[in-house]
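Participant: Build me a model from this:
(chains A, B, C and D)
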Number of protein chains: 2
Amino acid sequence: MQSDQIKQHNHENCVTTALTQAAQLCTERGVQLTAIRQQVLELIWADHHAVKAYDLLERIKPLQSAAKPATIYRALDFLREQGFIHRVESLNAFIGCCDLKTTHEQLLLICKQCENVEERHADLVMQALSQELQNANFLVHSKAIEIHGICGHCTQEKNTVVSA
Amino acid sequence: MQSDQIKQHNHENCVTTALTQAAQLCTERGVQLTAIRQQVLELIWADHHAVKAYDLLERIKPLQSAAKPATIYRALDFLREQGFIHRVESLNAFIGCCDLKTTHEQLLLICKQCENVEERHADLVMQALSQELQNANFLVHSKAIEIHGICGHCTQEKNTVVSA
DNA sequence: CTTATAGTTGTTACAATATAACATATCACA
DNA sequence: TGTGATATGTTATATTGTAACAACTATAAG
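Facilitator: Modelled structure (predicted):
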């Protein structure tokens, strides 16, 4: 409902771009973007919400009537390995990665109200974080940085107050 | 095994401090640190690893033979509400909070090898993050910042290299 | 004291999330 | 066209977490 107002972007672009880039990267890497994998990726990109594995399972059944949990989890594993999606740890859910070209470890802003998940590079945060980890002599394998709250669009809806 | 070497601190202090402070805060707040809740908190503080709910269930059974999943999850809910423990989202597990006095949202460094979880304030990171969130006009409710990798102690064990 | 009430725990059942293991099918290239 | 690697089908089960309602306990007001 209110999430429609948030889509001030042409979401078709997101989907098309994501799928095109994924297909291209798979070719480059010599891995297979099979029908199932592509369908799962498309379903994840249906909107900017995080999607749960069993929801994906329900949604893919019209296309893949034999689909079982393993079907979905395997596709998700593949898509994650290839860096096409993120797992949102604090939601047990998955979102499409907006930026297949550059880095992968980003800030996720998760709106409790419209449920949209926004990915941000947040270079300064990442820089400070790298420094901190270096100080700690900690060798990073992966990062999960997930912030829950209310996004700008949703606060504006209620308050009609725009801060700077 | 190797985690023993990491304990270059007297862990008794951690436990005692945590339990004493928790008891005191409960009194101040007029909430009850019941036997079950205290036992769960103690079990969580057994070491600096994140503990899973069903492991806690097994461990508490000698003390509370009637314990069921709900027993544990209720205690965990209470301890979290009071800020005595953190949930580690990316592990579906729980750790004791080292700092009951000040802020709560800290950096968690999770070692894949010794499985210790270190909590860090990382003020500069948090500062940069606050700025980023303000820029995004995002109203924070909670943060999960979890870094997986190899901790300083474990890398030293292998390499005998100490960086600065 | 005693009794009302909020808070806590007991108990059963089940929902939601995820993986293991092995059989079968398909792809991609020699 | 056969062969090894990759992907999928299938069954079963492990793991994590909640719902709902009954029974008990602490506490504090009368």
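
Participant: Can you pull the poorly scored residue ranges out of chain A?
Facilitator: Counting by pLDDT under 70, chain A contains low-confidence ranges at A:1-8, A:103-104, A:158-164.

Participant: quick check: longest helix of it.
Facilitator: If you go by DSSP state H, chain A has its longest helix at helix A:11-29.

Participant: From the contact counts, what lies against that helix?
Facilitator: Here helix A:11-29 touches helix A:35-44, going by 3 or more C-beta pairs under 8 Å, 6 or more residues apart in numbering or on different chains; DSSP states H and E. (Glycine included, C-beta is placed from N, CA and C.)

Participant: Residue A:138: neighbouring residues, count only.
Facilitator: Under the neighbour criterion other C-beta atoms under 10 Å in any protein chain shown, residue A:138 is assigned a count of 23.

Participant: The longest helix of chain A versus helix A:35-44: what angle between them?
Facilitator: Per axes from the mean of the first three to the mean of the last three C-alpha atoms, to 10 degrees, the angle that helix A:11-29 makes with helix A:35-44 is 150 degrees.

Participant: quick one: helix A:11-29 near DNA strand C?
Facilitator: No. Counting by C-beta under 7 Å from any atom of the strand, no contacts exist between helix A:11-29 and DNA strand C, the nearest distance being 9.9 Å.

Participant: so how far is that helix off the chain centroid?
Facilitator: 14 Å (C-alpha atoms, centre = their mean, to the nearest Å).

Participant: buried stuff in that helix?
Facilitator: Residues of helix A:11-29 classed as buried: A:14-15, A:18-19, A:22, A:25-26 (neighbour count, 16 or more other C-beta atoms under 10 Å in any protein chain shown).

Participant: Looking at those residues, which is nearest DNA strand D?
Facilitator: Closest approach between the buried residues of helix A:11-29 and DNA strand D, by C-beta to the nearest atom of the strand: residue A:26, at 8.8 Å.

Participant: The closest one touches residue A:82, doesn't it?
Facilitator: Yes. The pair residue A:26 / residue A:82 is scored as a contact, 7.0 Å apart, by C-beta atoms under 8 Å.
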